[in-house]
Every structure is written in structure tokens, then in C-alpha cells.
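# how would this look folded up:
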Amino acid sequence: MSQRKASDDAGRATIRDVAQRAGVSVASVSRVLSGNYPVSDELRRRVMKVVRDLDYVTNAHARSLAGGGGTPTVAILINNITGAAFAHVAQGVEGAASLRGWLSLVGTTGDDPERELSLVNLMRQQAVAAVILLGGAYDFDEYQLRMARFARSLDAAGSHLVLVGRPPLQGEVPATTVDYDNEGGAYAMASHLLSAGHRRVLVLPGHAELTTAQGRLTGARRAFEAYGVPLDPKLVLHGSYDYAYGYDAVGEALRSGPEFTAVLAGTDVVAAGAMRALGAAGLKVPEDVSVVGYDDIPLASHLTPQLTTVHVPYEEMGRVALRAVADRREGAAGRRKGGSGEHLVLGTHVVVRQSVRPPRRGD
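Got it, this is the predicted structure:
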């Protein structure tokens with residue numbers, strides 16, 4: 001057994017093997033693998049090709065997970081890996097990490113704060129370069145306190161917390177926030193419906209306690225106020241960001257709620273459920289009821305009719321998050337620990353397709 005292990009170890013490529021094959025110094029290979037120093041794209045490509053050819057990535061990964069340096073690793077923590085919107089964020093992170101020769105780990109929290117806490121602590125122990133948390137958060141004081149503890153603990157361990165699609169933490173907290181103009185997107189979409197003549201709009205923003213839903217509802221309300229149109233509280237129904245929410249909410253509104261001529265859904269998936277419920281009730285979109293969504297995931301253009309929605313640059317958010325981590329590591333020598341983090345905001349815009357038309361005369 002021991003002879004076999006010794007034989008295996010002897011056959012493994014070393015950093016000197018990589019340097020020799022790539023025709024560069026050991027120091028250059030180390031810089032590429034560590035990600036701590038800026039290197040040219042040509043050098044990175046050459047070294048990483050040899051790393052793959054010699055199967056050196058596996059060994060570097062093992063050392064990284066053991067906390068012994070090597071290839072930087074980023075941990076992507078997501079509520080549900082099957083959710084289309086933030087799966088695109090994860091794809092953006094992974095793609096940007098791969099270009100730098102970094103490794104990515106993905107963990108799911110299942111919308112469980114205790115599991116989220118456990119995973120962040122585990123990643124801190126494994127000495128990852130950063131923990132990237134994706135998706136909205138529940139607006140509780142405990143959230144702010146817990147995230148602040150996460151951020152300081154990671155910073156003390158030489159890592160970094162990045163919040164994507166969540167509000168920035170309050171005070172002097174060493175965390176980076178990569179967000180999008182959530183409220184502005186909802187304002188623009190509600191304005192689009194109002195400018196088409198709709199006054200009775202069923203709004204499905206999401207869970208009342210979820211920061212994402214709060215921003216979307218606030219944006220919609222601002223648009224109604226700007227147009228001088230009251231938003232009927234009975235036409236605001238809360239629920240989870242899933243197909244069943246859209247289907248059930250529209251069904252409930254059709255059975256017992258006030259009349260409406262349009263549906264403003266909190267996500268494209270919710271909009272798909274709403275469209276299905278309208279169809280089941282014998283109503284056509286957009287002839288009888290207009291429907292709009294939010295996110296602009298591929299589903300939006302595959303629905304019939306194609307869905308008018310708000311485009312969120314999810315994949316770009318992932319790339320920006322990874323670049324923020326890389327920039328921080330490259331400037332680490334002159335940066336003190338602690339302090340407050342960056343807050344980066346990307347724009348959103350309405351994508352007009354086929355699911356909106358003016359209400360019928362008399363509606």
C-alpha cells in the first residue's frame with residue numbers, strides 16, 4: 001500500500017515541471033496560480049494549458065481546500081441552484097474565475113439561514129478567496145447582524161464576502177455589494193403598463209419580507225404616484241417566486257378580487273404561472289389581460305406570446321463580483337483589513353415583446 005502511494009506521488013507533476021514545459025520561471029507559474037499578482041493574458045493561457053496537460057490543477061485544488069494556498073477558490077452560495085435568474089449569476093462568476101485559472105465551488109442554502117451560516121463558516125475554514133452570496137435576503141435585523149459577523153470573520157481570515165442581488169450592509173463592514181437597479185426596473189415596467197392605458201393592475205411582487213420584492217413593489221408604487229393613479233391594495237398579492245404563486249394568485253383574483261386588466265409579475269416564472277391561469281379561465285394574453293414579468297430569463301422569449309419583461313444583467317453581475325474579488329486580492333499588499341466595502345449597481349431596462357396591449361375600451 002505504501003509503495004503504491006509513493007509511486008503515485010512520484011508521478012505527480014510539480015510546479016517546476018509546469019514552469020519547464022511552459023518555458024517560464026517558477027515564480028511566474030506561482031503568480032498565475034495564486035492570482036495575487038497581475039499577469040498578461042498570454043502568460044496565463046500558456047501556463048494554464050500546461051497545468052491542464054500535466055493534470056496539475058487537481059493537486060493545486062487539493063492544496064487550496066486544505067488552506068495551503070495554491071489556486072484561489074471562490075464559494076458561490078445560492079438558495080436554489082435550479083432558479084434560472086441566479087444560476088446565470090453563478091455562470092458569470094464561474095466563467096470569470098475560469099479565465100483567471102481560479103476554481104469555483106457551489107453550495108445551496110435552501111433558504112435556510114442556519115445552513116447559510118454553516119456553509120459560510122465552512123468556507124472560511126477552507127480559506128477560500130471569497131464567499132459570494134446570491135439572491136435577495138429577508139429584511140430582518142438579524143440578517144444585518146449575521147452578515148456583518150460573516151464579513152468580519154472572513155476578512156480576518158484573508159477572505160472576502162460579496163453580496164449579489166442583496167442590499168448593502170450598514171456601517172463599516174468589509175463586504176462588497178453587487179446589485180442592480182431593482183426599484184428602477186419596476187418603476188419603468190409599471191410606467192410601461194400605465195402609458196398603455198392600464199389602471200387596474202394586479203401586482204405580484206413576491207414575499208412581503210423579501211428585499212427584492214420590497215424594491216419591486218416600491219418601484220411600482222412610485223410609477224402609480226407619478227401617473228396620479230391609485231394602486232388598489234386589494235390588487236397586491238404576496239407569495240413565493242414560483243410558477244404556483246402566479247397561477248394561484250391570478251386564480252384567486254379572478255374568483256374573488258377586484259377586476260384588473262394587467263398583471264405585473266415579480267419574476268418571469270411567476271408571469272408564466274399567471275398566463276397559464278388566465279388561459280385556464282378562457283382569457284387571452286394580451287387581448288383580454290396584459291402580462292409583464294421581471295428578470296428576462298430565456299423563458300420570457302419562449303412563452304406564447306413572448307413576454308415583455310425587465311432585463312437584469314445577471315451574468316454580468318457574476319463577472320463583476322469576481323472581478324471585485326480579484327482586484328481586491330491584487331491590491332491586498334497596500335490594503336488594510338476591515339473598513340467598508342464597495343457598492344456596485346448595474347442598470348436594468350424594459351424589453352418590449354408581445355404580451356402588452358391597451359385595455360379594451362370600457363375596461
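
# how about the strands in the chain?
All strands of the chain, identified by DSSP state E, fall at 73-78, 103-108, 130-134, 161-164, 175-180, 201-204, 262-265, 290-292, 309-311, 343-346, 349-351.

# Partner strands of the fourth one and their direction?
In this case it means strand 161-164. Partners of strand 161-164 in the sheet, by DSSP bridges, are strand 130-134 (parallel), strand 175-180 (parallel).

# Kindly report the same for the first one.
Sheet partners assigned to strand 73-78 using DSSP bridges are listed as strand 103-108 (parallel), strand 130-134 (parallel).

# Show me how far that strand is from its chain's centre.
Relative to the centre of its chain, strand 73-78 is centred 11 Å away, using Cα atoms, centre = their mean, to the nearest Å.

# got it, and the third one?
Centroid separation between strand 130-134 and its chain, computed with Cα atoms, centre = their mean, is 9 Å.

# and that strand, average pLDDT?
For strand 130-134, the mean pLDDT works out to 91.

# Identify the residues contacting it?
Contact with strand 130-134 is made by 74-79, 86, 89-90, 93, 116, 120, 123-124, 150, 154, 159-166, 321-322, 325, as judged by Cβ atoms under 8 Å, 6 or more residues apart in numbering. In short, each C-beta sits where N, CA and C put it, glycine included.

# got it, and the last one?
Counting contacts by Cβ under 8 Å, 6+ apart, the residues outside strand 349-351 that touch it are 185, 188-189, 192, 296, 300, 308-311.

# partners of that strand, with directions?
For strand 349-351, pairing defined by DSSP bridges yields strand 309-311 (antiparallel).

# what residues does the partner strand touch?
Strand 309-311 has contacts (Cβ under 8 Å, 6+ apart) with 185-186, 188-189, 268, 271, 292-296, 300, 348-351, 353.

# Buried ones among those residues?
185-186, 188-189, 268, 271, 292-296, 300, 348, 350-351, 353 (16 or more other Cβ atoms under 10 Å).

# ok, back up a step: let me know which of the strands paired with strand 161-164 is tucked in deepest.
Most buried of these, by mean neighbour count (mean count of other Cβ atoms under 10 Å): strand 130-134, with a mean of 28.

# shaky segments in this protein?
1-12, 34-37, 55-70, 139, 332-340, 362-363 (pLDDT under 70).

# one step back: figure out which of the strands of the chain is closest to Met275.
Taking Cβ to Cβ, strand 290-292 is the member of those nearest to Met275, at 5.4 Å.

# which strands and helices sit next to that closest one?
When contacts are defined as 3 or more Cβ pairs under 8 Å, 6 or more residues apart in numbering; DSSP states H and E, strand 290-292 packs onto helix 182-195, strand 262-265, helix 268-280.

# Now distance to Arg52 too, for the ones you listed, in a markdown table please.
Shown next, in a markdown table, are those (distance: least, Cβ to Cβ, whole Å):
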| stretch | distance to Arg52 |
| --- | --- |
| helix 182-195 | 39 |
| strand 262-265 | 44 |
| helix 268-280 | 37 |
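
# just these: most buried one?
Comparing these by mean neighbour count (mean count of other Cβ under 10 Å), strand 262-265 comes out on top with a mean of 30.

# Give me the distance between it and the centre of its chain.
Per Cα atoms, centre = their mean, the displacement of strand 262-265 from the mean C-alpha position of its chain is 23 Å.
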